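> Here's my sequence, what's the structure:
(one chain, ligands or ions: 1)
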Amino acid sequence: MSQELAARLREVAERVNVALDALLPRADGPETRLMTALRYSALDGGKRLRPFFTIEVGRMFDADETALMRAAVAIECVHTYSLIHDDLPCMDDDDLRRGRPTLHRQFDEATALLAGDALLTFAFEILADPPTHRDPQMRCLLVSGLARAAGPLGMVAGQAADMEGEHIGSDLIAVTRMNRLKTGALINFSVDAGALIGCASESEKVSLSRYAHDVGLAFQMVDDLLDAEGVVRDTGKAVHKDSARGKVNFVTVLGVDATRERVGMLAAQAKRHLAPFGPRARMLADAVDFVVERRY
Ligand code: GRG
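Numbers count the residues shown, from 1 in each chain. Coordinates of the predicted model:
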């Protein structure tokens, strides 16, 4: 990873943590346990890759930093909710996330369910509130864009398809569709939100959305490679889960070598979509290498 990208990722992660800490509700009394749980999951690190995409894309168009940060925080709230719910016993039943006990392990199932619900709904409150953008139309576009990416025709549909793994079999098209929805839709929106807030032109939005499409797929393929070949010390979560549970993913369908080859092709293609932006998109191009080379 280039030193400049490492510094940018660090800067975004630090600023996202500060913004999340300031925005997440605090309460005394009976809700204290829920609020502590929210903070356990939302403030416990993670790469903050989706916020990075929103902020970095927006900065290419000199977009308002407050709008970018609030959108980035909302997207990270939805991402965190999805991880909390995905880890629950009724879904993937995982004990480890980001190198620590999963939320239901640290607290209890009901608290984890509520913390996920709270983060999901809070994301839309953040986007809809006037400080996000002076133009209500822009706030509406952000709300509906995130709802579409995360909802019944987006991430939730992908998760449902993932749970029906045996019906997907080893059909590469079905596996690709499932992952486009489960992981790709939110990554796409994180890029699209930056372009939207930055008032990018229609052709710029299309190029960036194509970039996000390819990065999202490559990201998931690398996730599957890490599940097959990674080590818990690096990933901070259990590995070899999919094969052990009979789940389909890119590696179970294509094998390690062909998956890696496709990651390389997608990475090259993603960078080509950045050509119209020239050196302005240098960090987005470097982020492709980070996605491909990551060990966690
Ligand atoms: C429960 C509705 C619902 C959806 C869950 C995203 C998801 C759908 C499940 C997560 C399972 C998973 C590991 C998917 C693979 C891709 C992915 C989202 C990995 C985690 O994202 P990172 O690596 O996580 O960006 P950090 O910890 O860095 O934030």
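
> Just the helices from the stretch 51-200 of the chain, written as ranges.
Taking DSSP state H, counting those that start in this stretch as the criterion, the stretch 51-200 of the chain contains helices spanning 65-87, 103-106, 109-128, 136-150, 155-163, 165-168, 172-179, 185-197.

> what's the distance between the second one and the middle of its chain?
What it means is helix 103-106. 21 Å (C-alpha atoms, centre = their mean, to the nearest Å).

> who are the neighbours of that helix, in terms of helices and strands?
Here helix 103-106 touches helix 32-42, helix 65-87, helix 109-128, going by 3 or more C-beta pairs under 8 Å, 6 or more residues apart in numbering; DSSP states H and E. Every C-beta, even on glycine, is put in place using the N, C-alpha and C of the backbone.

> ok, whatever residue of the stretch 151-296 of the chain ends up closest to the ligand - how many residues close by?
Using C-beta to the nearest ligand atom, residue 159 is the residue of the stretch 151-296 of the chain that sits closest to the ligand, at 3.8 Å. Per other C-beta atoms under 10 Å, the neighbour tally for residue 159 reads 19.

> Can you tell me the closest non-neighbouring residue to it?
Counting by C-beta to C-beta, 6 or more residues apart in numbering, the nearest residue to residue 159 once its immediate chain neighbours are dropped is residue 182, at 5.6 Å.

> okay, that neighbour: pLDDT?
Note on residue 182: pLDDT of 96.

> can you start the count at 60 instead of 1 from here on
In the new numbering, first residue 60, that becomes residue 241.

> my guess is it meets residue 214, correct?
Yes: contact between residue 241 and residue 214 holds when scored by C-beta atoms under 8 Å: they sit 6.0 Å apart.

> Tell me how many other residues crowd whichever residue of the chain sits closest to the ligand.
Residue of the chain nearest the ligand, by C-beta to the nearest ligand atom: residue 105 (2.9 Å). Residues near residue 105, counting by other C-beta under 10 Å, number 21.

> Where does pLDDT dip in the stretch 210-355 of the chain?
225 (pLDDT under 70).

> hmm, back to that, three-state assignment of the residue of the chain closest to the ligand?
What DSSP: H, G, I helix; E, B strand; the rest coil gives for residue 105 is coil.

> so it makes contact with residue 143?
No: under the criterion of C-beta under 8 Å, residue 105 makes no contact with residue 143, lying 11.9 Å away.

> send the alpha carbons of stretch 62-81 over as CSV?
The C-alpha trace of stretch 62-81 is given here as CSV (Å, rounded to 0.1, in the frame of the first residue of the first chain):
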residue,chain,number,x,y,z
GLN,A,62,2.3,5.6,2.1
GLU,A,63,-0.1,8.3,0.9
LEU,A,64,-3.0,5.9,0.8
ALA,A,65,-2.1,4.5,4.3
ALA,A,66,-2.1,8.1,5.6
ARG,A,67,-5.5,8.9,3.9
LEU,A,68,-7.1,5.7,5.3
ARG,A,69,-5.8,6.5,8.7
GLU,A,70,-7.1,10.1,8.5
VAL,A,71,-10.5,9.0,7.4
ALA,A,72,-10.8,6.3,10.0
GLU,A,73,-9.8,8.7,12.8
ARG,A,74,-12.3,11.4,11.6
VAL,A,75,-15.0,8.8,11.2
ASN,A,76,-14.4,7.6,14.8
VAL,A,77,-14.7,11.2,16.1
ALA,A,78,-17.8,11.9,14.1
LEU,A,79,-19.5,8.6,15.1
ASP,A,80,-18.6,9.2,18.7
ALA,A,81,-20.2,12.6,18.6
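
> Which positions in it come out as buried?
By 16 or more other C-beta atoms under 10 Å, the buried positions in stretch 62-81 come out as 64, 67-68, 71-72, 74-76, 78-79.

> Intersect the residues you listed with the contacts of the ligand.
When contact is defined as C-beta under 6 Å from any ligand atom, those do not meet the ligand at all.

> In helices, which of these appear?
Residues of the buried residues of stretch 62-81 located in helices (DSSP state H): 64, 67-68, 71-72, 74-76, 78-79.

> Let me have those in JSON lines, extended by pLDDT.
What follows is these, written out as JSON lines (pLDDT from 0 to 100):
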{"residue": "64", "pLDDT": "95"}
{"residue": "67", "pLDDT": "96"}
{"residue": "68", "pLDDT": "96"}
{"residue": "71", "pLDDT": "96"}
{"residue": "72", "pLDDT": "96"}
{"residue": "74", "pLDDT": "96"}
{"residue": "75", "pLDDT": "97"}
{"residue": "76", "pLDDT": "96"}
{"residue": "78", "pLDDT": "97"}
{"residue": "79", "pLDDT": "96"}
